[in-house]
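>>> Attaching a predicted model along with its sequence, questions to come.
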Amino acid sequence: AGKFDLLSRSSPYAPIAGALREHARDLLASTEEQAARLGRELNAALFPIGQVLVDLVPELGLLLGPQPAVPELEPAEAHNRFVLAFQSLLGVLATPAHPLVLFLDDLQWADPASLRLLQALLTAPRRGHLLVVGAYREREVDAAHPLTATMAKLREAGAPVTEIALGPLDAPTVG
């Protein structure tokens, strides 16, 4: 789970990285044999670009081990490399045997980079077994909001999007 914050919109991917940190800690708490096997699978999937994810989530470095440095790229190419690394990571972590659920709260405050990453992950031909659950305050998201545009692009690309409007709970429900 991760939560976007109005005051930290200048930190791209922060809630996603936080969720990955938690998950990486859980994975590191598994048996030594399981962690070693997962490290080998991740290395096979991420080599030679694993460092871009280790820079974001240092805990992954404990699973991956030392990674080669990645060359500097132009912003668009760096973004594509980052998305490829993320997709490769999810290919290992989000499997039929172990589907992955990512809950993101307060999407009305999501930074543009995180929205682009989510769009790329959810429209990829091989999405894997990833379920993204997002929550946002409807009254803070209008037609011009970046989240609205992202949701429209997801639908256009054929990504399954389900919206559930939640209203306030009435007294009998709470009591």
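Done, it's in.
>>> Before we move on, what's the pLDDT of residue 126?
Here, the pLDDT recorded for residue 126 equals 76.
>>> can you tell me which residues contact it?
By C-beta atoms under 8 Å, 6 or more residues apart in numbering, residue 126 lies in contact with 87, 91. Placement of C-beta: from N, CA and C, glycine included.
>>> before we move on, what about the one 10 residues further on?
With contacts defined as C-beta under 8 Å, 6+ apart, residue 136 is in contact with 106-108, 147.
>>> mind putting those residues in a markdown table, secondary structure, neighbour count and pLDDT included?
Shown next, in a markdown table, are the contacts of residue 136 (DSSP: H, G, I helix; E, B strand; the rest coil; neighbours: other C-beta atoms under 10 Å; pLDDT from 0 to 100):
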| residue | secondary structure | neighbour count | pLDDT |
| --- | --- | --- | --- |
| 106 | coil | 17 | 96 |
| 107 | helix | 24 | 96 |
| 108 | helix | 19 | 95 |
| 147 | helix | 18 | 96 |
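>>> in the chain, which spans are strands?
Ranges of strands within the chain are 2-3, 100-105, 130-134, based on DSSP state E.
>>> how about the helices in this structure?
Remark: helices assigned in the chain by DSSP state H are 14-28, 32-46, 51-56, 58-64, 75-93, 112-123, 146-156, 171-174.
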